[in-house]
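>>> The sequence isn't on hand, but the structure is:
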């Protein structure tokens, strides 16, 4: 989330330092390598609009909307089945280091676990009853 008046920079090089705390790892995965190098090597500031255009943001909001939009997203995530969310996050986080076959295996294992949860049964019941599911994390 970012406000339209935010700005972003990897200023390390301008301080005689190197990008750290996983910055090079993240930039090289979020952006084409040439753009990641440009941002890291030049240390130039980019606008929130440019960061959004590059795909670095989930949402670009007017300043007064940042908190409400962030809270809405947090509430929507919190209402989902926690085991499913956790397994999806894990599979996405590891997808770039796995082969397609390894990722398919991981997804299959995750799906097997999900099929055994009370939350999956609640989701089916809620669908049949035409209501929103109430997930318990079990």
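Arrived safely, thanks for sending. Everything numeric in this text was worked out from a predicted model, so none of it was measured. Residues are numbered from 1 along each chain as shown.

>>> Report the buried residues of the longest helix along the chain.
Of all segments of type helix in the chain, defined using DSSP state H, the longest is helix 100-115. Buried residues in helix 100-115, counted by 16 or more other CB atoms under 10 Å: 103, 106, 110, 114. C-beta: built from backbone N, CA, C; applies to glycine.

>>> now swap in stretch 32-45 and tell me
36, 38, 39, 40, 43.

>>> sorry, back to before: quick one: least confident of the buried residues of helix 100-115?
pLDDT across the buried residues of helix 100-115 is at its lowest for residue 103, which sits at 92.

>>> residue ranges for the strands of this protein, please.
2-3, 7-8, 46-47, 60-61 (DSSP state E).

>>> which of the ones you listed sits most buried?
By mean neighbour count, with neighbours taken as mean count of other CB atoms under 10 Å, strand 60-61 ranks first of the strands of the chain at a mean of 19.

>>> what's next to that one, contact-wise?
1, 2, 3, 4, 48, 49, 51, 52, 69 (CB atoms under 8 Å, 6 or more residues apart in numbering).

>>> Paired strands for it, with orientation please.
strand 2-3 (parallel) (DSSP bridges).

>>> averaged over its residues, what pLDDT does the strand it pairs with have?
96.

>>> Likewise for stretch 79-90?
96.

>>> mind listing what's buried in that stretch?
81, 83, 84, 87.
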